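>>> Dropping a prediction and its sequence here:
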Amino acid sequence: MARVLTDPERITLQTSTTFAERLKTAVRNAGKYWSAHTGSGMTGTEALMIEWAKNRIVGVDIELNDAYVNNRDLPIRAIKVSKGMQFDVAAAPLEEAALLAGVTDLKYEEIAALLLGQFGENINMTVGGN
C-alpha cells in the first residue's frame, strides 16, 4: 500500500542513523553520476541544458567535497523535499524498521535528485552568447 508518511513517521526517519547513511550513499551516487555525465548527445531546451550544467557542477562538488553529504541537516532537508511523496508502507503508525523497509533504493534516488536540485538553486547561469 502506498501512502504519504505521517508527521511522527517523518520525524522517526529524520532521526534514524540508517536513513541518514542510506541517504548519504544516494547523494554520493547521484554526485558520481552527474560529475561523469558529459552532456554529449544531449538535446533539449535551454532550461534542460542549464539543469544539466547545475547538476554537473553540484555532482563534481560532491565528488570533491563531502560538505553536502556530511551536513548534519541532510536528513532534515530530505524529509522536507519528500513531503507528500508516496511510500510503500503499511498503515500508520509504523516503527523505524518498518519505515526503513518501505524506503526503497529508488525512493532514495528520487530524494537525492530533488536534493541535488536544491543544492544547485543558487547557481546562476544562462546558455548561449554574451
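Nice, thanks for sending it over. As the structure is a computational prediction, the values presented were derived from the model and not from experiment. Residues are numbered from 1 along each chain as shown.

>>> In contact with the residue positioned nearest the centre of the chain, which residues?
What sits nearest the mean C-alpha location of the chain, by C-alpha atoms, centre = their mean, is Ala112, with 1.4 Å. Neighbouring residues of Ala112 by C-beta atoms under 8 Å, 6 or more residues apart in numbering: 23, 26-27, 29-30. Where you see a C-beta, it was placed from the backbone N, CA and C, and this is true even at glycine.

>>> run the last query once more with 10 Å
Residues in contact with Ala112 (C-beta atoms under 10 Å, 6 or more residues apart in numbering) are 23-31, 33, 62, 78, 81.

>>> do the same with Ala101
88-90, 94.

>>> Adding secondary structure, neighbour count and distance to Gln118, write those residues out as JSON lines.
JSON lines is the format used below for the contacts of Ala101 (DSSP: H, G, I helix; E, B strand; the rest coil; neighbours: other C-beta atoms under 10 Å; distance: C-beta to C-beta, whole Å):
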{"residue": "Asp88", "secondary structure": "strand", "neighbour count": "13", "distance to Gln118": "24"}
{"residue": "Val89", "secondary structure": "coil", "neighbour count": "19", "distance to Gln118": "24"}
{"residue": "Ala90", "secondary structure": "coil", "neighbour count": "12", "distance to Gln118": "30"}
{"residue": "Leu94", "secondary structure": "coil", "neighbour count": "20", "distance to Gln118": "27"}
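
>>> Please convert those to TSV, extending it with pLDDT and distance to Ile50.
Formatted as TSV, these follow (pLDDT from 0 to 100; distance: C-beta to C-beta, whole Å):
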residue	pLDDT	distance to Ile50
Asp88	86	33
Val89	86	36
Ala90	84	41
Leu94	79	39
